[in-house]
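Q: Curious how this folds, go ahead:
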Amino acid sequence: MGISETVSDYFGVQEHGSSVRTEILAGLTTFLTMSYIIVVNPAILMNAISIEGYSQGEIMSMLAVVTIIAASVATLIMALYANRPFAQAPGLGLNAFFAFTVVGALGVPWQTALAAVVVEGIVFILLTVVGAREYVIDLFPTPVKFAVGTGIGLFLAIIGLQGMGIVVDDQATLVTLGAVASDPVAIVSVFGLFLTLALYARGIPGSIVIGIAVTSVVGWVLTAFGPVAADVGLVAQSVSATYDITPLAGAFVSGFGNVELFTFSLIVFTFFFVDFFDTAGTLVGVGQAGNFLDEDGNLPDIDKPLMADAVGTTVGGMLGTSTVTTYIESATGVEEGGRTGLTALTVVGLFVASLAIVPLVTRIPGYATNIALVVIGVVMLRNVVDIEWDSLTHVIPAGLTILVMPFTYSIAYGIAAGIVSYPVIKLAAGEGEDVRIGHWVLAGAFVVYFVVRTGGILAAQV
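A: Predicted structure coming up:
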């Protein structure tokens, strides 16, 4: 028996109506559509992580290596343990929460934020082991679950638009349109954004990676051969890279020495909430595309892919990156015919191979990586269709969740606003029977947090 037949038998490729060739091509497609995270995740986390004695380029390359390892571990477990064609990596939105809310707004040390990621992963593992998935799902208000994706999309979009110079701050209106027609960075960013959106709409695999690469090349050409000066910022500065991740790996341990219990609990809760429902929703969505769901619309043995996510998150936090989640881009591989873990295993191999391009990651200018945030942010807005817009008891909590996230620059505050409003609105509408005790407990906890956080009781530094 040859290697191909052995691999086919292990994953049950023929039993799933697929072939080794199809699985490998599906894995390649999935990797191309999600590989932007190798560049974008380090670019976001760079806003939060600084290490004395190391340059930005070295930290950027460390984060790229850790991103690849975390994605490879989680997806490998998905392949070998769950035998599903789903790929995983540090999630967009979760890394923004890590960088801009936890470390940026709350002032939590990045080591402590990593500790929260590790704790969240362990909690996820334990809940998966004991089969508490249904209880956890029932604990959170439905409109909030459906609104989180859209709110995160808006949050990512405004971060990206700011980084591209398209949206800038304004003393009178808080935000306004930047000097799009005169700022070279904004001009190239707009070109790159529309190019990427066009490629994405065309369904071209790797459209975001292509968009980032072309935009970077255009910036370099305009600087090297055109009228743009080198100090304008179209070209990333030449920096050193490293594969040594020891300054990041294990940093979470020291983070436990800076824990303020109330804030730390909120951070862990938010990481878990977004991770759990993002992963569960993606698994069902991609499962539907692959006809994996049973007659009740559930994914059989969903605890196995959830476990892959939980272990990947824990390992990633220990190594130095934010929460791992299942990527909706896995649907592209499924649509290409991927049906087994061999698709995921192919993604793992390509992630490992991408370690060779880590030095290139440090040469991508920031405005180019922000294109991915806007594109994904726009695409995530389609989640809004799942909300029951004909019911005010759903519209109000969902609307608050969506609006508060970008306006307060915090995913946690948006989730909290939705959770607090849900039982109150349900009770006022005479639908108190729909509210569980857990809803009131969560709402009460967030009210206390808002009072403590905004009332000056809790210091900004943890």
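
Q: from here on, contacts and neighbour counts on C-alpha atoms
A: Will do.

Q: element containing residue 389, please.
A: Using DSSP states H and E, residue 389 sits in no helix or strand.

Q: what's the answer for the one 10 residues further on, then?
A: With the criterion set as DSSP H and E, the secondary-structure element containing residue 399 is helix 392-408.

Q: Between helix 392-408 and the helix or strand following that helix, find me the angle.
A: Going down the chain from helix 392-408, the next helix or strand is helix 411-428, by DSSP H and E. Taking axes from the mean of the first three to the mean of the last three CA atoms, to 10 degrees, one finds helix 411-428 and helix 392-408 inclined to each other by 160 degrees.

Q: And helix 411-428, what's buried?
A: 411-426 (16 or more other CA atoms under 10 Å).

Q: follow-up on the earlier one: name the surrounding residues that touch the helix holding residue 399.
A: 142-144, 146-148, 150-152, 154-155, 158, 387-389, 410-419, 421-422, 425-426, 429 (CA atoms under 8 Å, 6 or more residues apart in numbering).

Q: hang on, residue 384 packs against residue 145?
A: No. Applying CA atoms under 8 Å as the test, residue 384 and residue 145 come out as separate, 10.6 Å apart.

Q: which one of those two has more residues nearby?
A: More neighbours surround residue 145 than the other of residue 384 and residue 145, with 22 against 19 (other CA atoms under 10 Å).

Q: Which helix or strand contains the more buried one?
A: Applying DSSP H and E as the criterion places residue 145 in helix 142-163.

Q: Could I get the average pLDDT for that helix?
A: What helix 142-163 shows for mean pLDDT is 92.

Q: could you give the angle of that helix to helix 411-428?
A: 150 degrees.

Q: So which elements touch helix 142-163?
A: strand 167-170, helix 261-289, helix 366-380, helix 392-408, helix 411-428 (3 or more CA pairs under 8 Å, 6 or more residues apart in numbering; DSSP states H and E).

Q: Give the helix, strand or coil label for residue 175.
A: strand (DSSP: H, G, I helix; E, B strand; the rest coil).

Q: where does residue 89 fall, helix, sheet strand or coil?
A: strand.

Q: switch to numbering from 405
A: Sounds good: first residue 405 from here, last item residue 493.

Q: Run through the residues that contact it.
A: By CA under 8 Å, 6+ apart, the neighbours of residue 493 are 441, 471-472, 474-476, 478-479, 728-731.

Q: Identify the bridge partners of it.
A: Beta-bridge partners recorded for residue 493 (DSSP bridges): residue 729.

Q: Report the separation between it and residue 526.
A: Distance of residue 493 to residue 526, given as CA to CA, to the nearest Å: 17 Å.

Q: and if you look at residue 559?
A: For residue 559 relative to residue 526 (CA to CA), the value is 27 Å.

Q: out of those two, which sits in the more crowded spot?
A: Set residue 559 next to residue 526 and count neighbours by other CA under 10 Å: residue 559 wins out with 27 against 17.

Q: these two touch, right, that one and residue 818?
A: No. With contact defined as CA under 8 Å, residue 559 does not count as touching residue 818 (10.2 Å).

Q: count of residues packed around the residue nearest to residue 615 when sequence neighbours are not counted?
A: Counting by CA to CA, 6 or more residues apart in numbering, residue 615 lies nearest to residue 600, which is 4.7 Å off, once chain neighbours are set aside. Neighbour count of residue 600, defined by other CA under 10 Å: 25.

Q: Show me which parts of the worst-scoring helix or strand of the chain on mean pLDDT are buried, residue by residue.
A: Of all the helices and strands that make up the chain, helix 537-543 has the lowest average by mean pLDDT, DSSP states H and E, namely a mean of 75. Applying a neighbour-count criterion of 16+ other CA under 10 Å, one finds residue 537 buried in helix 537-543.

Q: Stretch 722-741 now?
A: If you call a residue buried by 16+ other CA under 10 Å, then stretch 722-741 has these buried ones: 722-738, 740-741.

Q: In helices, which of the residues you listed appear?
A: 722-723, 734-738 (DSSP state H).

Q: how about TSV for the residues you listed, with pLDDT added?
A: Formatted as TSV, these follow (pLDDT from 0 to 100):
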residue	pLDDT
722	97
723	96
734	94
735	92
736	92
737	94
738	94
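
Q: What are the contacting residues of the least confident helix or strand of the chain?
A: Contacts with helix 537-543, where a contact means CA under 8 Å, 6+ apart, come from 531, 681, 840, 842-843.

Q: Please, a ChimeraX command that selects the buried ones among these?
A: In ChimeraX syntax, the buried subset of the contacts of helix 537-543 is picked out as below (16+ other CA under 10 Å):
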select :531,681,843
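
Q: Which pair of the contacts of helix 537-543 spans the longest distance?
A: Greatest spatial distance in the contacts of helix 537-543: 531 and 840, 20.0 Å, computed using CA to CA.

Q: For residue 814, give me its contacts.
A: 501, 504-505, 559, 808.

Q: rerun that using 10 Å as the cut-off
A: Applying CA atoms under 10 Å, 6 or more residues apart in numbering to residue 814 gives the contacts 500-502, 504-506, 508-510, 555-556, 559, 808.

Q: what do you get for residue 608?
A: Neighbouring residues of residue 608 by CA under 10 Å, 6+ apart: 433, 436-437, 600, 602, 614.

Q: I'd assumed it was in a helix, is it?
A: No. Under three-state DSSP, residue 608 sits outside any helix and is assigned coil.

Q: Pop out the phi and psi values for it.
A: phi -80, psi 120 (degrees, to the nearest 10).

Q: Pull up the gap between it and residue 747, please.
A: 19 Å.

Q: end to end, how far does stretch 785-798 reach?
A: Terminal-residue distance, stretch 785-798 (CA to CA): 17 Å.

Q: what ranges do the helices span in the stretch 405-554 of the chain?
A: Residue ranges of the helices in the stretch 405-554 of the chain, as given by DSSP state H, counting those that start in this stretch, are 407-415, 424-438, 441-449, 460-481, 498-500, 514-533, 537-543, 546-567.

Q: tell me the mean pLDDT for the second one?
A: Mean pLDDT, taken over the full extent of helix 424-438, equals 95.

Q: Just the C-alphas of it, formatted as CSV.
A: Output of helix 424-438 as CSV, limited to C-alpha atoms (Å, rounded to 0.1, in the frame of the first residue of the first chain):
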residue,chain,number,x,y,z
VAL,A,424,-6.4,12.9,-2.1
ARG,A,425,-5.9,15.4,-4.9
THR,A,426,-9.1,17.2,-4.1
GLU,A,427,-8.3,17.4,-0.4
ILE,A,428,-4.8,18.9,-1.2
LEU,A,429,-6.2,21.5,-3.6
ALA,A,430,-8.9,22.4,-1.0
GLY,A,431,-6.2,22.8,1.6
LEU,A,432,-4.2,25.1,-0.7
THR,A,433,-7.3,27.2,-1.4
THR,A,434,-8.1,27.6,2.3
PHE,A,435,-4.5,28.6,3.1
LEU,A,436,-4.4,31.2,0.3
THR,A,437,-7.6,32.8,1.6
MET,A,438,-6.5,33.0,5.2
